[in-house]
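Asks: Attaching a predicted model along with its sequence, questions to come.
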Amino acid sequence: MDLANIKKIMIGPIPYDVTIEDRILNSQNQDLNGEIYYERGTIKISKDCHPVVQKVVVLHEVIHGVLDTAGITDHQEPWIVAVSNGLIKAFMDNPDLADYLTAPVSMETEEDNA
């Protein structure tokens, strides 16, 4: 799947539009690979990133969004970098893992079937 096919990502109850940008700058005029804008509901990803780096950046920004949705404002950047890189590698090395984690689960119990 190509990043261009992902137009929206739901993080909690908030829909985030995903855009691919020529250049992303922070407030210090430094180039970024990606950025999330909570108030605007937007995730921007740099088009110049290697495709694997884009995957890491998307997950990185999603983690920021999850923390923000949970009311956590102190985002420890080294932790987010480690988790996003580690999870992408785990999913790439274990392709069935994402399918397993996202497969529907029956909420019925044995008592419901009795």
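Replies: Thanks, I have the structure now.
Asks: The helix or strand containing Pro78: which residues count as buried?
Replies: For Pro78, the element it lies in under DSSP states H and E is helix 77-93. Neighbour-count burial for helix 77-93 flags Ile80, Ser84, Asn85, Leu87, Ile88 (criterion: 16 or more other C-beta atoms under 10 Å). In short, each C-beta sits where N, CA and C put it, glycine included.
Asks: in terms of contact, does Thr42 touch Asp17 like I think?
Replies: Yes - taking contacts as C-beta atoms under 8 Å, Thr42 lies within contact range of Asp17: 5.1 Å.
Asks: Tell me where this structure has strands.
Replies: 8-11, 14-21, 34-37, 42-46 (DSSP state E).
Asks: Pick the most buried one from these.
Replies: Across these, averaging neighbours per residue (mean count of other C-beta atoms under 10 Å) puts strand 42-46 on top, at a mean of 20.
Asks: got the contact list for the nearest residue to Ile24 once chain neighbours are set aside?
Replies: Nearest non-adjacent residue to Ile24, counting by C-beta to C-beta, 6 or more residues apart in numbering: Leu32, 4.4 Å away. Applying C-beta atoms under 8 Å, 6 or more residues apart in numbering to Leu32 gives the contacts Ile24, Leu25, Asn26, Ser46.
Asks: Thanks a lot, see you next time.
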